[in-house]
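Engineer: Fold the stuff below for me.
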Amino acid sequence: MIRVGLPYHLRTLARVGDEVAVDVRGAVTPAAIITALELEYPALRGTIRDYTTNARRPYLRFFACEQDLSLDSLDTPLPPEVAAGSEPFLIIGAMSGG
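Structural biologist: Numbers count the residues shown, from 1 in each chain. The predicted structure follows:
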């Protein structure tokens, strides 16, 4: 099971706590995790990635093992610690402004 931390607004939509666990078959990538989240929690469909471009939505960032993975491809394999479930995959709400 893959541990996933969600920002407040996505937790509210999915009606879950701070962290959820999803089962990912095959390679553990951000795309695979997002697909598993959307299957388990249908309210999250289209909120994390854009269906037209298949890209991460603006104002969401991805982190794992204290590394910012936001600019990596969604098909990049995640660290083994995430695949083993010892470290969470974090989806963080970003902010802008000055």
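Engineer: buried ones in the longest helix along the chain?
Structural biologist: Of all segments of type helix in the chain, defined using DSSP state H, the longest is helix 30-40. Of the residues in helix 30-40, 30, 31, 32, 33, 34, 35, 36, 37, 38 count as buried by neighbour count, 16 or more other C-beta atoms under 10 Å. The C-beta positions use only the backbone N, C-alpha and C, and glycine is treated the same way.
Engineer: Just give me how far that helix sits from the chain centre.
Structural biologist: Chain-centre distance of helix 30-40: 7 Å, with C-alpha atoms, centre = their mean, to the nearest Å.
Engineer: which outside residues touch that helix?
Structural biologist: With contacts defined as C-beta atoms under 8 Å, 6 or more residues apart in numbering, helix 30-40 is touched by 2, 4, 14, 20, 22-26, 44-45, 48-49, 54, 56, 62, 69, 72, 74-76, 78, 89.
Engineer: any idea how far the closest residue to residue 22 other than its chain neighbours is from residue 25?
Structural biologist: Counting by C-beta to C-beta, 6 or more residues apart in numbering, residue 36 is the residue found nearest to residue 22 once chain neighbours are left out, at 3.9 Å. Applying C-beta to C-beta, to the nearest Å, the value for residue 36 to residue 25 is 8 Å.
Engineer: ok, now residue 92?
Structural biologist: Relative to residue 25, and taking C-beta to C-beta, residue 92 is found at 25 Å.
Engineer: And residue 38, by the same measure?
Structural biologist: Taking C-beta to C-beta as the measure, residue 38 falls 14 Å from residue 25.
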